[in-house]
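> here is the input, now give the coordinates:
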Amino acid sequence: MKRIHIDAEKCSGCRFCEMICSFRHEGKFGTGLSRITVIKEDKHGFDYPIVCHQCDPCASITACPTSALTRTVLGTIRVNQDACTGCGSCIGACPFEALKLAHSSRPLVCDLCEGEPACVKRCPTDALTFTESDSDVDRSEDVSKKLLRRWGIID
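From the prediction side, this is the model:
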């Protein structure tokens, strides 16, 4: 399956991916409306976009008590707004912390923009790529440790 991959060394923390995502899906600019979240660790200058990895099996789908989360034919996770109660079970179940609740108390989850992720197309530093992959993806804290070791900040 194609997934969004992140090259943390290229991420400048500009948050343009968040803005383009929120505008593409909600018609408004706002980090709280984006399906991608850039975490910033200012002490070491580390920025890392968090995005749904489209896990299969998906813990968030399993955790939903109303079956409001389903997988589409494209393999992405979809939220049935009518079935969702906003309980947040899916948020806590995601091992990558990639889902968040919108202002409407409904989960926001990346749908890969139906195969043409706007965040990838518009990333000014090419930190995001959309490629075929069956491999596991790193967690942000693992990437952070790898970079800090590479930069000689930690052993």
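> can you list the neighbours in contact with stretch 88-102?
32-33, 37, 50-53, 55, 59-65, 68-69, 86, 107-110, 137, 139-140 (Cβ atoms under 8 Å, 6 or more residues apart in numbering). From N, CA and C alone the C-beta is placed, and that goes for glycine too.
> ramachandran coordinates for the closest residue to residue 114 other than its chain neighbours?
Here the nearest residue to residue 114 in space, its sequence neighbours aside, is residue 74; by Cβ to Cβ, 6 or more residues apart in numbering that works out to 6.9 Å. Dihedral angles of residue 74 (phi, psi; degrees, to the nearest 10) stand at phi -80, psi -10.
> residue 74: what's it in contact with?
Residue 74 makes contacts with 112, 114, 115, as judged by Cβ under 8 Å, 6+ apart.
> among the residues you listed, who's most crowded?
residue 112 (24 neighbours; other Cβ atoms under 10 Å).
> OK, contacts around the nearest residue to it once chain neighbours are set aside?
Excluding the flanking residues, the one nearest residue 112 by Cβ to Cβ, 6+ apart is residue 76, at 5.2 Å. The contact partners of residue 76, by Cβ under 8 Å, 6+ apart, come to 52, 54, 110, 111, 112.
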